[in-house]
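Colleague: what follows is a predicted protein model with its sequence.
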Amino acid sequence: MKLSDFFVTGEPAIYAAEVGMALGAAAVIFSLTYFKKWKWLWKEWLTTVDHKKIGIMYIIVAVLMLFRGGVDALMMRTQLALPNQHLLDANHYDGIFTTHGVVMILFMAMPFLFGLINVAVPLQIGARDVAFPLLNAFSFWAMVAGMCLFNISFIIGGSPTAGWTNYFPLAGPEFTKGVGNNYYAMGLQLSGIGTLATAVNFIVTILKMRAPGMTLMKMPMFVWSTLITFIIVLFAFPVLTVALAEVTFDRTFGAHFFTMGSGGSPMLWANLFWIWGHPEVYIVLLPSLGIYADIIATFSGKRLFGYASMVVAMAGIAFFSYFTWVHHFFTMGNTSVVNSFFSISTMIIAIPTGVKLFNEIFTLHKGKIRTTTPMLWSLAFIPTFLIGGVTGVMLSMAAADYQYHNSYFLIAHFHYTLIPAVAYACFAGLHYWYPKMFGYMLNEKLGKITFWLWMVGFNLCFLPQFFVGLDGMARRMYTYEAGLGWTGWNFASTVGAYIMGIGFLVLAWNIVYSIKHGVRDTTGDPWDGRTLDWATPTPVPEYNFAKQPVVSTLDAFAEYKENGTPIYRDEEYKPIHMPNNSAMPFFSAVSMGLAGFGLVWSWWWLAILGGLMMLGCLAWRSFDPDKGHYISVEEIIRTENTRAGGVKR
Amino acid sequence: MLRKLPWKLVLLLSLTSLFLLGGCDTKIAVLDPQGPMAREQYHLIVYSSILMAFVFVVVLGLYLYMVIKYRASRLPADYKPPQIHGHKVLETVWTIIPVLIIIAIAIPTVKANYSVEETPKSMKSEKPLTIYVTSSEWKWIFSYPEQGIETVNYVNIPAGRPINFELTSSGTMASFWIPELGGQKYTMPNMTMRLILAADHPGEYTGRNANFNGEGFAKMDFDVLAQTPKDFNAWVKEVKSRAPQMKKSDYEKLIKKEGLVGRQTYTGTHLKWDKPDEQKSYYEESEKGEKQNHHHHHDMSGMDMGGK
């Protein structure tokens, strides 16, 4: 194979990215060596099974991916700002929008939310860790393996270029030669394995490890949303797993699941992808709704309005999400009765979603609204998502969708839902739980600057897109002719995108600035929180709670602060059993990454080697008599006395 | 926050005025229907926009009221919010009203889902014209079986008559879209699907591919010319007298060549070598065990998936 078949050549932007990545890697390696932190990295982070640290790692990865996906977006918007530009040629643009979609949904939104879930959910239910800590670490590393595999594609072998939806026959071996789409199949496959493992882990954790007295109807809403989300994952991700395996078989082994002839059916891919794909958007929406519920309640100083109907609404959204997938391809020649069924099933989801919005608005009613950064993001969600939602109802009208489909109207709709529903929640959650993660706050002023930049930037970017879509501009066009009347909308949209980019830079600066100058958390409860996660000291000890929490109401911590209702068992300290670190998850990721890379390039020796290494990791774990370790009472007392905050025991 | 409001508002307004740059003189295609299908879709869009705007205004109003009235800065420092669990009546009302709104949207939607697959009522008495549309990478091939002519990348149609576009593909999935005349449908290999469109009066429009299918996708548009029946017949006559006869090699070159070829015109159609059959079931075809050669020669005995 020629080197130029292996490495992507001829694109200055890609060379620049390679140089950037090499310099970044060099800087990291140099710093670790200079500050003698390799052992620390291995012991504290690469082999940890602590949910809090795993959560932080997820978030770090997600922020890096937000940067990458955002750069993709800015490149696209720059190319489209004016007609007939040649900043990006068609092939490069195609790789960029494919990457943008996959990265933002699968390597930014999911990890960010899973990170927040990891940090907060065990604390919120009063648990000391998740049910399967090593599996938790494995899930993270599987996601990293998939992410690295996907992200290396634009340098080695070429990006996938068939869109994040990877439609056939285009995505098949006849029409897209090269290995790009193989990266798509393998990258998503590996991270999907991690996601399924996380689902099993958290469902068991939430069902079996809640503090005594915390019935299901007394859990924080974020925990409910997590539980329901992972039930959706359990039913949706296996479809993707099978479908991606079939893609690999078609592209690598000459099978005919989705190909144009020999009995293959391109429509089958569309169906399978969206049977996963529609529940997937609710998988990223529901945890966000949970975050908003917790934040809005906290910063209104009131319990959530209509808790029971919120739970029912989320369950309804989850249930109905399985019956809507065809709305992603109303135009694929379905009969009128099929299109009508799916129009109606899609519209139905607006009802529970609306119920939740009303519950949030009425939580504000008679509250005492503190406009902190997390609250601002949560408040902004309501009207912005509303626009996304109502345009979704418009799209669900199949006959009208024949005009909207695959146009910029669609793009505007899904960004008006995905961004407020996911990105705003991630920012809100990041600011909210930051002190719990790091012991200091992100700067409020910088946070508000980012927020307002995004309020302007986001709307300026996506509102014009509704109109240019109605004027006939299709999605995924790398350029457009002059004189169509599209230039003004596109230019305005690009300005908005850049404003969002500046907002992101301010956020990045906030993160760096706050390391030294962030207000230190001296109480463990900087926001006057309502849930058990704020009842922990700062920094949160490895074991989370020195004594077993017990609850009797919703918002138990608020109840404790208000009425003195105890939230800890009145008992002596006991040694606490904690799991040991393990290198198995990290090596599993290496194995899976190698195997995946081998399958991408059809290097069978590497695929088999990676597979054997993976089996080795599983065997190692299966025969490992590791029984964890105990934290002694002396150490518990020492820890509790030297940390700020926590509840007086 | 109130003190800061004016300059933020100014910034917001001046920036959002940027997006009024677009669409000053040109009409927005989907909102400027030139045929009965597009008009029906336009009415659906307007109707739903009004209903949705109503929802938006109501919810936004409630929201702004809450956010403004109950700001901590506006309330006394010792104000303690009441811990309200819920309100059965309110919760029932705001579940039922959305249900009613959904019903109000669903009924015209379902009606339209059916009528968009039928000949438009205003043209029921006209005989439909059949045009086979074959998408290829990256061009559109229009075959007129009744007239015996074929065009590439442009299609002329008589105004005032329903056109039954029989959509198919020689390869990748594309989507046939003429916004001013109506909605789109996918083109897929080994099958045809019917999309019924019509133009009210003569006019020139641009159609395009709305489903990404590779590098040439963005340039895969085609010209649509709606003519009076007289002009249309004259054009057909002209084509038949002057255009070259289509040879099999021409057709093969068209679907094999991955490129943009501009406008071409032929007498005769490729349908004699490659005619998609109608009304064959998918299972009949796969039982026959046809070997499909990759993307070049099709025995296009596929399924007709259009209609009810």
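Modeller: Great, that's in hand. Numbers count the residues shown, from 1 in each chain, chains lettered A, B, ... in the order given.
Colleague: in the stretch 201-350 of chain A, what residue is nearest chain B?
Modeller: When scored by C-beta to the nearest C-beta, the stretch 201-350 of chain A has residue A:261 as its residue closest to chain B, at 2.5 Å. (Glycine included, C-beta is placed from N, CA and C.)
Colleague: could I get the full set of strands for the stretch 1-150 of chain B?
Modeller: Taking DSSP state E, counting those that start in this stretch to define them, one finds strands in the stretch 1-150 of chain B at B:129-136, B:139-144, B:149-152.
Colleague: quick check: can you name the pairing partners of the shortest one and their directions?
Modeller: Strand B:149-152 has the following strand partners under DSSP bridges: strand B:139-144 (antiparallel), strand B:264-267 (antiparallel).
Colleague: I'd like the distance from the helix or strand following that strand to the chain centre, please.
Modeller: As assigned by DSSP states H and E, the chain's next helix or strand after strand B:149-152 is strand B:154-158. Average the C-alpha atoms of strand B:154-158, do the same for its chain, and the two points are 18 Å apart (C-alpha atoms, centre = their mean, to the nearest Å).
Colleague: just checking: what are the partner strands of strand B:154-158?
Modeller: In the sheet, strand B:154-158 lines up with strand B:221-227 (parallel) (DSSP bridges).
Colleague: how about the partner strand: buried residues?
Modeller: Of the residues in strand B:221-227, those scored as buried under the neighbour-count criterion (16 or more other C-beta atoms under 10 Å in any protein chain shown) are B:221, B:222, B:224, B:225, B:226, B:227.
Colleague: could you export it as PDB, CA atoms only?
Modeller: Taking Å, rounded to 0.1, in the frame of the first residue of the first chain, the C-alpha atoms of strand B:221-227 are listed here in PDB:
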ATOM      1  CA  ASP B 221     -30.000  20.300 -10.000                       C
ATOM      2  CA  PHE B 222     -32.200  20.400 -13.100                       C
ATOM      3  CA  ASP B 223     -34.300  22.900 -14.900                       C
ATOM      4  CA  VAL B 224     -38.000  22.700 -15.000                       C
ATOM      5  CA  LEU B 225     -40.000  24.500 -17.700                       C
ATOM      6  CA  ALA B 226     -43.800  24.400 -17.500                       C
ATOM      7  CA  GLN B 227     -45.200  25.300 -20.900                       C
END
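Colleague: quick check: angle from that strand to strand B:129-136?
Modeller: Using axes from the mean of the first three to the mean of the last three C-alpha atoms, to 10 degrees, the interaxial angle of strand B:221-227 with respect to strand B:129-136 works out to 170 degrees.
Colleague: which residues of the stretch 151-300 of chain B lie near chain A?
Modeller: Residues of the stretch 151-300 of chain B that fall close to chain A, judged by C-beta under 8 Å from any C-beta of the partner chain: B:171-173, B:175, B:177, B:179, B:182-186, B:188-191, B:193, B:206, B:208-218, B:286, B:291-295.
Colleague: redo that, cut-off 7 Å
Modeller: Where proximity means C-beta under 7 Å from any C-beta of the partner chain, the interface of the stretch 151-300 of chain B facing chain A comprises B:171-173, B:175, B:179, B:182-186, B:188-189, B:193, B:208, B:210-215, B:217-218, B:286, B:292-295.
Colleague: just the buried members of these?
Modeller: Neighbour counting over those (16+ other C-beta under 10 Å) leaves B:171-173, B:175, B:179, B:182-186, B:188-189, B:193, B:208, B:210-215, B:217-218, B:292, B:295 as the buried ones.
Colleague: just to revisit the earlier point, can you add mean neighbour count and give the strands of the stretch 1-150 of chain B back as CSV?
Modeller: Compiled in CSV, the strands of the stretch 1-150 of chain B are given as follows (neighbours: other C-beta atoms under 10 Å in any protein chain shown):
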stretch, mean neighbour count
strand B:129-136, 23
strand B:139-144, 24
strand B:149-152, 23
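Colleague: can you confirm the residue of the stretch 201-350 of chain A closest to chain B is in a strand?
Modeller: No: using DSSP: H, G, I helix; E, B strand; the rest coil, the assignment for residue A:261 is coil, not a strand.
Colleague: chain A: which of the buried residues of strand B:221-227 is nearest?
Modeller: The shortest distance between chain A and any of these, using C-beta to the nearest C-beta, involves residue B:221 and amounts to 8.3 Å.
Colleague: what about residue A:377, how many neighbours?
Modeller: Under the neighbour criterion other C-beta atoms under 10 Å in any protein chain shown, residue A:377 is assigned a count of 28.
Colleague: that one and residue A:216: what is the separation?
Modeller: 28 Å (C-beta to C-beta, to the nearest Å).
Colleague: also residue A:173?
Modeller: From residue A:173 over to residue A:216 (counting by C-beta to C-beta), the distance is 49 Å.
Colleague: next: residue A:375.
Modeller: As for residue A:375, its distance to residue A:216 is 27 Å (criterion: C-beta to C-beta).
Colleague: between those two, which has more neighbouring residues?
Modeller: Of the pair residue A:375 and residue A:216, residue A:375 is the one with more neighbours under other C-beta under 10 Å, namely 24 against 12.
Colleague: shaky segments in the stretch 1-150 of chain B?
Modeller: Counting by pLDDT under 70, the ranges of the stretch 1-150 of chain B that qualify are B:1-26.
Colleague: returning to that earlier point: any chance of the strands paired with strand B:149-152 in CSV with distance to residue A:492 as columns?
Modeller: As requested, the strands paired with strand B:149-152 are exported to CSV (distance: least, C-beta to C-beta, whole Å):
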stretch, distance to residue A:492
strand B:139-144, 31
strand B:264-267, 38
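Colleague: quick one, domains of chain B?
Modeller: B:28-74+B:85-116, B:127-276 (automatic domain parsing).
Colleague: please name the nearest non-neighbouring residue to residue A:210.
Modeller: residue A:125 (4.5 Å; C-beta to C-beta, 6 or more residues apart in numbering or on different chains).
Colleague: actually, residue A:161.
Modeller: By the measure of C-beta to C-beta, 6+ apart, the closest residue to residue A:161 outside its immediate chain neighbours is residue A:94, 4.1 Å from it.
Colleague: and the one you found, how many neighbours?
Modeller: Once other C-beta under 10 Å is used to define contacts, residue A:94 is seen to have 25 neighbours.
Colleague: what's the answer for residue A:124, then?
Modeller: Using other C-beta under 10 Å as the criterion, the residues surrounding residue A:124 number 29.
Colleague: ok, it touching residue A:532?
Modeller: Yes: in terms of C-beta atoms under 7 Å, residue A:124 counts as a neighbour of residue A:532; the distance is 5.6 Å.
Colleague: show me where chain A has strands.
Modeller: A:537-538, A:576-578, A:629-631, A:644-645 (DSSP state E).
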